[in-house]
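Novice: mind looking at a prediction? Sequence and model below.
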Amino acid sequence: MTRIEYNKAVDLHADNLYRFILKNIHDVEKTKDIVQETFLKVWDKRQDVAFEKVKSYMFTAAYRTMIDLIRREKKQSRMEEADLNKLTTSNQYSDLQQILHEALNQLPEIQKAVVLLRDYEGYNYLEIGEITGLTETQVKVYIYRARKFLQKFIGKIEVLI
Amino acid sequence: MNIINRHNYEEFFLDYHEGNLTGEQKAMVILFVESNEDLMNEFYTFKKFSLETTETSTIEKKPLYSGPHFSNRADYFIGWIEGDLTVEEKVQTQELVNENASFSKEFELFQKTKLIPTAEVYADKQNLRKSVRVIPLLKYAVPAAAAVVFFIFLSNQLTHRNYFPQPLEVAEIKLFNVDTINISKTEFEVNRISLVESKPAVQKKTPIKPIERVGISPPERIIVEVARTIHGAGKMPEIQINQVDELIDEVAEVPTLLDKVIQTADEKLFGTSENLITTDPMELLVKGIEKVTKRDAEITRITLENRKKTVFKIGKFEFSKSKRI
């Protein structure tokens, strides 16, 4: 990858990468750190990374950095199932997407990540698996579980409202 | 009873086959088995542990069949929005929704679970970009610029040396051809041969050594005669046409004109006439030009039907004159 291609990758993917991490950890400064660290890695590895693969490489590197950060801060308290019985809700929702993001924040980290990669970046199960280190089947299971939780959350909020 | 998971599923499997579960719990077990295909065989293995005869098993077989139904409809609804369903499965799912009005709302809620990307902007993008490093290149840029300047200077010098071996300012050589003098004063003036090679445009501020200017003036006798006339009259003479003709006639009678040309060329251009093998003033002129410019010059004479044409060619410059014969 040339310097020009690297700069093009910055223009094309920096916003998406920033959004992906920010939606996961909700910390602007830490998100910026992860994005900068990720692009440093990309620059260091530019000779080995083709421009066509750079987005996937960036998301993989950023995801791993994020997981390391979460583990260091011991935020990985819910890696398996979301508990609808413990969901917290607010009655101050302006639209459906706001409700969805509220629900998203209550998902386990891994489910949140795969749903964001799926809906925001349009990755397929295999690509998400490559980024997150999961099998294709595992990705599908996590996405299905997340959808069920989100659907029930929306339904419950609609009942409350 | 708790929710089934991979740590407690054996208990649920056993209770399922023993008929100890409610309808909702059975559905939960079926969903779990479908979501954990690796436990499918184990699920059936538990069936063998049942003391009940298989004839009266309470297992709901329909949920294990392929296709959407009451228990697995959520998976098909999700499969629909994820694009995982085949055309046939889509048709089956749509039929299921159509047959059960309560499923329609549920299906609609699943469709709402798709996140719409938000527009987040990473503000420090410019800091991520990599620009060309300027400072290290400066140490190469300065010598490179100097080299270019030197090359241009050298090229200029070489150009002048190659194309203009002798600095040229003006080379003007006038030659009065004796053949034309008898015609008229106008033709006398016109037929003089003048070679003027101006400075080329590419030659700029290079100091130029002026070359010798070779000029052959009208015969001195004409000037003397004019001066005598002026002196005698005490005023500027009014030269009439007939007087001009007289002057021309007088010039025509000067027998030493050609000799004067040769002598002048010899003295001004060559210094001596020893090396000259011709007395033709035209050829002398060519040789003089070659001597001054150090470039090949050639003379061509062409005789046409009623005109005679003389062409001088010096490098890319070409001069010609012609006269009626």
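Specialist: Thanks, I have the structure now. Numbering: from 1, shown residues only, chains lettered A, B, ... in the order given.

Novice: what about the nearest residue to residue B:40 once chain neighbours are set aside, distance to chain A?
Specialist: Leaving aside its sequence neighbours, residue B:40 sits nearest to residue B:33 (CB to CB, 6 or more residues apart in numbering or on different chains; 5.8 Å). In short, each C-beta sits where N, CA and C put it, glycine included. Here the criterion is CB to the nearest CB, to the nearest Å. By it, residue B:33 lies 13 Å from chain A.

Novice: what about residue B:33, how many residues nearby?
Specialist: 22 (other CB atoms under 10 Å in any protein chain shown).

Novice: pretty sure it sits against residue B:41.
Specialist: No - checked against CB atoms under 8 Å, the pair residue B:33 and residue B:41 is beyond contact range at 10.1 Å.

Novice: circling back to that earlier point, could you tell me whether the residue nearest to residue B:40 really is in a helix?
Specialist: Yes - assigned with DSSP: H, G, I helix; E, B strand; the rest coil, residue B:33 falls within a helix.

Novice: what pLDDT does the model give it?
Specialist: pLDDT recorded at residue B:33 is 87.

Novice: tell me the contacts of it?
Specialist: B:39, B:40, B:43 (CB atoms under 8 Å, 6 or more residues apart in numbering or on different chains).

Novice: please report how far the last one lies from chain A.
Specialist: With distances taken as CB to the nearest CB, residue B:43 is found 17 Å from chain A.

Novice: so what's the predicted local confidence for that residue?
Specialist: 82.

Novice: that one touches residue B:14, doesn't it?
Specialist: No - Residue B:43 is not in contact with residue B:14 according to CB under 8 Å; the separation is 10.3 Å.

Novice: among the two, which residue is more densely surrounded?
Specialist: For residue B:43 versus residue B:14, the count of surrounding residues by other CB under 10 Å is larger for residue B:43: 21 against 15.

Novice: so where does the residue lying closest to residue B:36 once chain neighbours are set aside fall, helix or strand?
Specialist: Once flanking residues are discounted, residue B:36 sits nearest to residue B:6: 7.0 Å by CB to CB, 6+ apart. Secondary structure from DSSP states H and E places residue B:6 outside every helix and strand.

Novice: what is the burial count for residue A:144?
Specialist: Using other CB under 10 Å as the criterion, the residues surrounding residue A:144 number 19.

Novice: how about the helix or strand containing it and chain B, touching?
Specialist: For residue A:144, the host element (DSSP H and E) is helix A:136-160. Yes - using CB under 8 Å from any CB of the partner chain, helix A:136-160 comes into contact with chain B via A:137, A:140-141, A:143-145, A:147-148, A:150-151, A:154-155, A:158.

Novice: which other helices and strands does that helix contact?
Specialist: If you count contacts as 3 or more CB pairs under 8 Å, 6 or more residues apart in numbering or on different chains; DSSP states H and E, helix A:136-160 packs onto helix A:96-104, helix A:109-119, helix A:125-132, helix B:23-35, helix B:73-82, helix B:101-111.

Novice: highest average neighbour count across these?
Specialist: With neighbours defined as mean count of other CB atoms under 10 Å in any protein chain shown, the helices and strands packed on helix A:136-160 peak in mean count at helix A:109-119, which reaches a mean of 23.

Novice: which elements pack onto that helix?
Specialist: Looks like helix A:109-119 contacts helix A:3-25, helix A:54-72, helix A:96-104, helix A:125-132, helix A:136-160 (3+ CB pairs under 8 Å, 6+ apart).

Novice: secondary structure for the contacts of residue B:33 - can I get that in TSV?
Specialist: Formatted as TSV, the contacts of residue B:33 follow (three-state DSSP):
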residue	secondary structure
B:39	helix
B:40	helix
B:43	helix
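
Novice: so which of those residues is the closest to residue B:79?
Specialist: Proximity of these to residue B:79 (CB to CB) peaks at residue B:40, which lies at 18.3 Å.

Novice: distance-wise, check the closest one relative to residue B:307.
Specialist: Computed as CB to CB, to the nearest Å, the residue B:40 to residue B:307 distance reads 115 Å.

Novice: could you dump the helices and strands packed on helix A:109-119 into CSV with distance to residue B:128 and mean pLDDT added?
Specialist: Formatted as CSV, the helices and strands packed on helix A:109-119 follow (distance: least, CB to CB, whole Å; pLDDT from 0 to 100):
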stretch, distance to residue B:128, mean pLDDT
helix A:3-25, 5, 90
helix A:54-72, 11, 90
helix A:96-104, 26, 83
helix A:125-132, 20, 92
helix A:136-160, 29, 85
